[in-house]
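**Student:** Provided below are the primary sequence and the corresponding predicted coordinates.
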Amino acid sequence: MAFSGAQAPYMNPMVPFTGMIQGGLQDGLQITINGTVLMSSGSRFTVNLQTGHRDNDIAFHFNPRFEEGGYVVCNTKQNGIWGPEERKMQMPFQRGHPFELSFLVQSSQFQVTVNGRLFVQYTHRVPFHRVDTISVTGIVQLSYISFQPPGRWPANSAPITQTVIHTVQSTPGQMFPNPMIPPMAYPNPVLPIPFFASIPGGLYPSKSIMVSGTILPSAQSFYINLRSGSDIAFHLNPRFKENAVVRNTQIGSSWGPEERGLPRKMPFSRGQSFLVWILCESHCFKVAVDGQHLFEYYHRLKHLPTINSLEVGGDIQLTHVQP
């Protein structure tokens, strides 16, 4: 099964932001927003899942407010009229701190997680399939908004399609290739190597990580490490001289036994772009390359929340990371 409905992420969108959700909301779709709450004079930010670019019909209004100790308002607007507010008297966000906010569409409700932890469930008041637009306003800076299509990881395909490769091939000043939405610049197409990033909240089942870039023509190897402190829970290491993709775990400066077997030929090529998708399950990592499932790696470090940083290095140009 291929997920033809997968949508490319919005990279570094400017706030206020309004963009279309291709195909509208579907049961099982997950929308993830990665950004940072600004240290500004304002006190609120808002994510709306709505119908069209006007805000007359908002199926889900998610509105953190840094007031009165901090709380989050959830609501629905129909024909320009707000319904009764639902307030969560907690504040999972911090000014000046990065966050990962996810909305999972379920048949009866939206399930909202913040930094990997369930925060609130909001029962649908209007049919969710009417929603075709997402908007973000307020005191946040956004890194990306990504879309994970419905369904579990299939046997021969990853939950992503080649549309994401458009972000890999962007050049400075190039605009996002979608005439239906306001164009966004992709200003920093090459990230520093080695690259380090935190994983807010650590890993948990269903958490996914994307890494994309281009392999240098003279490449010997590159690596992606998921780290737990000084230990490496998962080391992914394509080696071109050996024509191998090595996987391993390092605990206390000692490497374990390597895993090298692949169900098909080496998926990485010198001079070519690539997209690696790592899906964390309760018992293993599932890894896909360019939309094709490649292997599973069973956890050797089993306390997933402590696996909270990502490291990428080697002979590549790195263009997009979703930790």
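**Tutor:** On my side now, so go ahead. Numbers count the residues shown, from 1 in each chain.
**Student:** where in the stretch 101-250 of the chain is pLDDT low?
**Tutor:** Residue ranges of the stretch 101-250 of the chain with pLDDT under 70: 151-190.
**Student:** tell me which stretches of it form strands.
**Tutor:** For the stretch 101-250 of the chain, the strands defined by DSSP state E, counting those that start in this stretch occupy 109-114, 117-123, 133-138, 140-148, 195-198, 208-215, 222-228, 231-239, 244-251.
**Student:** start and end of stretch 111-129, how far apart?
**Tutor:** 16 Å (CA to CA, to the nearest Å).
**Student:** which parts of it are buried?
**Tutor:** 111-116, 119-120, 122, 124, 126, 128 (16 or more other CB atoms under 10 Å). Heads up, the C-betas are built off the backbone N, CA and C, glycines and all.
**Student:** let me know the closest of the residues you listed to residue 96.
**Tutor:** Checking the buried residues of stretch 111-129 against residue 96 with CB to CB, the nearest one is residue 115 at 14.7 Å.
**Student:** any idea what sits nearest the closest one, other than its immediate chain neighbours?
**Tutor:** residue 201 (3.6 Å; CB to CB, 6 or more residues apart in numbering).
**Student:** give me the neighbour count for that neighbour.
**Tutor:** 16 (other CB atoms under 10 Å).
**Student:** who's in contact with residue 122?
**Tutor:** Shown in contact with residue 122 (CB atoms under 8 Å, 6 or more residues apart in numbering): 60, 62, 74, 86, 109-110, 112.
**Student:** try it again with 6 Å
**Tutor:** 60, 74, 109-110 (CB atoms under 6 Å, 6 or more residues apart in numbering).
**Student:** who does it bridge with?
**Tutor:** Going by DSSP bridges, residue 122 is paired in beta bridges with residue 110.
**Student:** the residue nearest to residue 115 against residue 116, yeah?
**Tutor:** Yes: with contact defined as CB atoms under 6 Å, residue 201 counts as touching residue 116 (3.1 Å).
**Student:** can you show me the helices along the protein?
**Tutor:** Using DSSP state H, the helices found in the chain span residues 165-168.
**Student:** what's the domain layout of it?
**Tutor:** Following automatic domain parsing, the chain resolves into domains at 10-152, 195-322.
**Student:** and the closest residue to residue 66 other than its chain neighbours, how far is that from residue 271?
**Tutor:** Of all residues not flanking residue 66 in the chain, residue 43 sits nearest, at 4.6 Å (CB to CB, 6+ apart). Using CB to CB, to the nearest Å, residue 43 is found at 50 Å from residue 271.
**Student:** who has more neighbours, the two?
**Tutor:** Ranked by neighbour count (other CB under 10 Å), residue 43 and residue 271 place residue 43 first, with 14 against 10.
**Student:** surely that one touches residue 68?
**Tutor:** No: between residue 43 and residue 68 there is no contact under CB under 6 Å: 9.9 Å.
**Student:** what's the distance between residue 142 and residue 49?
**Tutor:** With distances taken as CB to CB, residue 142 is found 16 Å from residue 49.
**Student:** ugh, typo on my part, it should be residue 323
**Tutor:** Residue 323 sits at a distance of 24 Å from residue 49 (criterion: CB to CB).
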